[in-house]
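Chemist: fold the stuff below for me.
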Amino acid sequence: MKIMITGCHGQLGNELQSIIKSGKSEIGKISDEYLKAEVFPVDIDTLDITDFEATNKFITDNKPDVIINCAAMTNVDGCETMQDVAFKVNAFGVKNLSVCAKKVGAKLVHISTDYVFEGNGTKPYIEWDMINPQSVYGASKALGEKYALSFNDKTFIVRTSWLYGYVGKNFVKTVRRVIRNNGGITVVDDQRGNPTSANDLAHHILKLALTEDYGIYHCTGEGECSWYDFAVKIAEFSGFGNVVLPCSTKEYNEKYNVPTKRPTYSSLENLALKCTVGNEMRNWETALKEYISKVED
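Modeler: Below you'll find the model as predicted:
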């Protein structure tokens, strides 16, 4: 099996490579079909997916069986000011991968986001709920989903949220750093979602990639919380104690001049996983506790 991983230097790309190499995730063993997998990890320094000719040549030359697209512009505020870059990477880069995957008969696993939804719900979104992005980031990712599904019928869309991994920047590491430096942190308490371990997400991506159950999936940590709740648990599991203060989104946005509308409620339900390969995503607190016991940042 040949597996191409784009965005290989990021949180999820690193977890995928590590799990394939070791044969197991924190959830458990992965299929023996990955034991002899040949992995082609690429990132912007080796392949620009927005360059169709370069992308087409790489895929045509290497003929991967599976392409896992972890590449994205994820700077939500940056997307607002650099719309052309956001759509180029998050939509047209995906189109390039989808077209080229179709040419060689490869499966495409494309990673998407809770930001494709309006984000004002009262119960977890399921896979067939209507999308209605409220930001450039969300709109560019929504178009990426459309392109991925339109140009290659062997496509998995995997939406996730509030992702953290062992390599790279994330909310968990930021909270720990700020508390160490400042003795405490203030976090919004009126936005709710699902913290997600990149290790757990990678485990499920690898399960899906062995199937032909193409379509849209949600894959997030089980259970929901606010960013404030999340930060409280980060502090607790890190041994920092009661050092997290709540604030409203309005207060935070005014203080830091935040340009992008964040979802108020964007929890996702992993319904399609339950109906196909099975939902083994851990409770977010369980996964976070193990992560903090291992992370060095």
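
Chemist: and stretch 213-230, end to end?
Modeler: Criterion Cα to Cα, to the nearest Å; first-to-last residue distance in stretch 213-230 is 33 Å.

Chemist: now it: buried residues?
Modeler: For stretch 213-230, burial by neighbour count (16 or more other Cβ atoms under 10 Å) applies to 214, 216-230. Every C-beta, even on glycine, is put in place using the N, C-alpha and C of the backbone.

Chemist: now, those that are in strands?
Modeler: Among the buried residues of stretch 213-230, the residues falling in strands (DSSP state E) are 216-218, 225-226.

Chemist: in JSON lines: those, plus distance to residue 95.
Modeler: Conversion of those to JSON lines gives the following (distance: Cβ to Cβ, whole Å):
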{"residue": "216", "distance to residue 95": "17"}
{"residue": "217", "distance to residue 95": "20"}
{"residue": "218", "distance to residue 95": "23"}
{"residue": "225", "distance to residue 95": "35"}
{"residue": "226", "distance to residue 95": "35"}
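
Chemist: immediately after the lowest-mean-pLDDT helix or strand in the chain, which helix or strand?
Modeler: Ranking every helix and strand in the chain by mean pLDDT, DSSP states H and E puts helix 249-256 at the bottom, with a mean of 91. For helix 249-256, the following helix or strand on the C-terminal side (DSSP states H and E) is helix 271-275.

Chemist: buried ones in that following helix, by neighbour count?
Modeler: 271-273.

Chemist: can I get those residues in CSV with pLDDT and distance to residue 203?
Modeler: Converted to CSV, the buried residues of helix 271-275 look like this (pLDDT from 0 to 100; distance: Cβ to Cβ, whole Å):
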residue, pLDDT, distance to residue 203
271, 98, 18
272, 98, 16
273, 98, 11
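
Chemist: ok, so of these, who is nearest residue 164?
Modeler: residue 273 (19.6 Å; Cβ to Cβ).

Chemist: circling back to that earlier point, need the buried residues of helix 271-275 in JSON lines with distance to residue 184, can you?
Modeler: Listed next are those as JSON lines, based on distance: Cβ to Cβ, whole Å:
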{"residue": "271", "distance to residue 184": "38"}
{"residue": "272", "distance to residue 184": "40"}
{"residue": "273", "distance to residue 184": "37"}
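
Chemist: can you give me the strands for the stretch 1-150 of the chain?
Modeler: 2-6, 38-42, 66-69, 107-113 (DSSP state E, counting those that start in this stretch).

Chemist: quick one: closest of these to residue 76.
Modeler: Short answer: strand 107-113, nearest of the strands of the stretch 1-150 of the chain by Cβ to Cβ, at 9.5 Å.
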